[in-house]
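Asks: Provided below are the primary sequence and the corresponding predicted coordinates.
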Amino acid sequence: DYEYLSGDKSNTSAYEGFDVLWGRWPRVSEVYAYTMATEAGRPADITNLHRVALLWETTINPKVNLCGGYHLFFAPQTLTGPGVGKGNFRGQLFQARMNYKINEHVSGHLMAEYFIPGDAYSSMRNDPALMLRYELTFKL
């Protein structure tokens, strides 16, 4: 998987960053969407990004599906603002998810994400982030 979102030019007063319109929700990663909130001021408002990912999915049986992903994030333009480092490597993200169907009315998933910041962030913003989530869905 590959994604490129242009960034804002710092030498103009206009905003030229890529606008994902209604995409301001965690479309790639929940943990990464919230680590980016300090850059644009809104969670999941991601710009200035190159993302390369390897994704994997398999079905164990008709009730269990496993998914995994490894993402590398880069900033094509130097980051600005608080917590900025000297490099353009934003970091790495590991994802794992297990979807399961208990019956036709109940399903759920267990998801884990682990983000390791790169040199684009200074020492005040370079702590790894771990997110675990369990969801149970009931259908009528």
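Replies: Cool, got the structure.

Asks: hey, let's count contacts and neighbours off CA atoms from now on
Replies: Noted.

Asks: can I get stretch 56-69 in CSV? Just the C-alpha atoms.
Replies: These are the backbone C-alpha positions of stretch 56-69, laid out as CSV (Å, rounded to 0.1, in the frame of the first residue of the first chain):
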residue,chain,number,x,y,z
TRP,A,56,-1.7,-9.2,5.3
GLU,A,57,-5.0,-11.0,5.8
THR,A,58,-6.1,-14.6,6.1
THR,A,59,-9.3,-16.5,7.1
ILE,A,60,-8.7,-19.2,9.7
ASN,A,61,-12.2,-20.6,9.5
PRO,A,62,-15.6,-19.1,8.5
LYS,A,63,-15.8,-17.4,11.9
VAL,A,64,-12.2,-16.1,12.4
ASN,A,65,-10.3,-13.7,10.2
LEU,A,66,-6.8,-12.3,11.0
CYS,A,67,-5.2,-9.1,9.6
GLY,A,68,-1.8,-7.5,10.1
GLY,A,69,0.0,-4.5,8.9
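
Asks: quick check: buried residues in that stretch?
Replies: Neighbour-count burial for stretch 56-69 flags 64, 65, 66, 68, 69 (criterion: 16 or more other CA atoms under 10 Å).

Asks: cool, and stretch 124-140?
Replies: 125, 126.

Asks: pull the CA atoms of it into CSV?
Replies: Only the C-alpha atoms of stretch 124-140 are listed here, as CSV (Å, rounded to 0.1, in the frame of the first residue of the first chain):
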residue,chain,number,x,y,z
MET,A,124,9.6,15.5,24.0
ARG,A,125,7.3,13.6,21.5
ASN,A,126,9.2,10.4,20.8
ASP,A,127,7.5,8.0,23.2
PRO,A,128,6.0,4.8,21.7
ALA,A,129,2.2,4.5,21.7
LEU,A,130,0.3,1.3,22.2
MET,A,131,-3.5,0.9,21.7
LEU,A,132,-5.6,-2.1,22.4
ARG,A,133,-9.3,-2.3,21.6
TYR,A,134,-12.0,-4.9,21.9
GLU,A,135,-15.4,-4.4,20.3
LEU,A,136,-18.5,-6.5,20.4
THR,A,137,-21.3,-5.8,17.9
PHE,A,138,-24.9,-6.9,18.2
LYS,A,139,-27.2,-7.0,15.2
LEU,A,140,-31.0,-7.4,15.2
